[in-house]
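Asks: Kindly return the folded structure for what I paste below:
(one chain, ligands or ions: 1)
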Amino acid sequence: MSHANSRNMKPVNDPNVPIIELQDAEVIFTTRAGSGLFHKNRITAVNKVNLKLMPGQTIGIVGESGCGKSTTANIMCGLQQVTSGTVLFKGQDVTHRTAKERMEIGRVVSVVFQDPATALNARMRVIDQLIDPLVVHHLGSKAERDKRARELIRMVGLPSQVLGALPGQLSGGQRQRVAIARALSLNPDAIIADEPTSALDVSVRAQILNLLSDLKKTLGLSMVFISHDIQTIRYISDEVIVMNKGTIIERGETQQVMRHPQDDYTKILMAAAPSLLHPSEEECA
Ligand SMILES: Nc1ncnc2c1ncn2[C@@H]1O[C@H](COP(=O)(O)OP(=O)(O)OP(=O)(O)O)[C@@H](O)[C@H]1O
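Replies: Prediction:
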């Protein structure tokens with residue numbers, strides 16, 4: 001089953017070209033204020049954000065609720081159009097593509113959402129959820145799709161019996177594994193993981209985090225990992241971006257930023273997670 005030939009949005013695999021690049025990306029939402037017909041509120045969810053996701057890189061985006069993390073992630077996977085600025089996908093300007101064309105990005109940039117219960121169709125068997133993206137994109141024969149589903153379920157550490165189950169028959173952790181398998185079905189270059197462990201029991205969070213970490217290594221995936229939890233970001237990300245009120249206020253190599261935060265807001269986030277530093281690192285810091 002060839003994915004590469006059918007990806008008209010996937011120009012080249014150049015290790016020096018970012019998979020996604022945002023240049024001065026801005027998103028302004030307009031909402032109706034109160035009961036007045038003509039009163040509107042403008043919310044700048046993302047304010048002149050610049051970032052590059054390089055092949056094989058994992059970027060963590062951290063910040064408190066409402067700081068613009070998810071909107072940034074949605075721009076990166078083509079779900080959200082920018083109000084101004086430029087979105088480059090493997091060097092191609094996709095800023096003004098139609099929604100359908102932007103959805104093509106989803107074939108090489110997949111998303112794992114916070115809550116697998118809402119990400120999965122409750123009435124669809126796991127096998128059908130896994131092959132659905134292949135059906136939508138007219139990829140493979142029935143036998144090839146079934147083979148791919150078995151491969152995917154193995155990749156996320158679940159037994160093949162799960163393929164016949166409905167999401168409601170699985171645990172939260174198993175459901176998130178299925179959602180991750182579905183996100184991998186089109187063999188993406190990048191995964192946008194938007195708080196993928198937040199809705200899970202504490203006991204299974206580390207397992208899902210380890211799974212994502214293993215997958216990115218074995219598949220050479222790039223990843224954008226969004227979390228309000230700086231400790232989770234530290235575990236998985238090469239580079240960290242700290243957002244506050246729609247703006248990137250600090251960025252850098254994760255360990256460097258964690259050890260020597262420059263911005264007061266980052267210091268506050270760090271102070272809220274004192275267990276981050278091992279005693280030996282605190283001595284060095
Ligand atoms: N569709 C929308 N319409 C109007 N306002 C929105 C919309 N989506 C997000 N916002 C607003 O934009 C701002 C940024 O939201 P966003 O969801 O990107 O933040 P976040 O950091 O991901 O927050 P959380 O961690 O709670 O998901 C918030 O003020 C939010 O209320």
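Asks: Stretch 15-34: which residues count as buried?
Replies: Applying a neighbour-count criterion of 16 or more other C-beta atoms under 10 Å, the buried positions in stretch 15-34 are 17-23, 25-27. C-beta: built from backbone N, CA, C; applies to glycine.
Asks: any idea which of these is closest to the ligand?
Replies: The ligand has its nearest neighbour among those in V27, at 7.7 Å by C-beta to the nearest ligand atom.
Asks: beta partners for the closest one?
Replies: Beta bridges link V27 to V46, judged by DSSP bridges.
Asks: how about it, what does it touch?
Replies: For V27, the contact set (C-beta atoms under 8 Å, 6 or more residues apart in numbering) comprises 44-46, 68, 71, 75, 80-83.
Asks: With Q255 instead?
Replies: Contact criterion C-beta under 8 Å, 6+ apart gives R234 as the residues in contact with Q255.
Asks: and the helix or strand where it lies, how far from the chain's centre?
Replies: Counting by DSSP states H and E, the element that carries Q255 is helix 254-259. For helix 254-259, the separation from the chain centroid amounts to 21 Å (computed by C-alpha atoms, centre = their mean, to the nearest Å).
Asks: For the residue most central in space within the chain, what are phi and psi?
Replies: The central residue of the chain, meaning the one whose C-alpha is nearest the mean C-alpha position (C-alpha atoms, centre = their mean), is I192 at 1.4 Å. Phi and psi for I192, reported as degrees, to the nearest 10, are phi -100, psi 110.
Asks: The stretch 101-250 of the chain: helices as residue ranges?
Replies: For the stretch 101-250 of the chain, the helices defined by DSSP state H, counting those that start in this stretch cover 116-119, 126-136, 142-155, 172-184, 202-219, 230-236.
Asks: And those: which comes nearest H39?
Replies: When those are compared by C-beta to C-beta, helix 116-119 sits nearest H39, at 31.8 Å.
Asks: does that closest one come close to the ligand?
Replies: No: when contact is scored as C-beta under 6 Å from any ligand atom, no part of helix 116-119 falls within range of the ligand; the minimum is 13.6 Å.
Asks: same question for that helix, mean pLDDT?
Replies: Per-residue pLDDT values over helix 116-119 give a mean of 81.
Asks: Could you double-check that R125 lies in contact with Q161?
Replies: No: in terms of C-beta atoms under 8 Å, R125 does not count as a neighbour of Q161; the distance is 11.6 Å.
Asks: With neighbour numbers in mind, choose between those two.
Replies: Set side by side, R125 and Q161 give different neighbour counts by other C-beta atoms under 10 Å, the larger being at R125 (15 against 9).
Asks: residues touching that one, list them.
Replies: Taking C-beta under 8 Å, 6+ apart as the definition of contact, the neighbours of R125 are 163-166.
Asks: Narrow these to those in strands?
Replies: Helix and strand membership here follows DSSP state E; of the contacts of R125, not one is in strands.
Asks: Which of the residues you listed are buried? Put it as a ChimeraX command.
Replies: Buried residues among the contacts of R125 (16+ other C-beta under 10 Å), as a ChimeraX selection:
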select :163,165
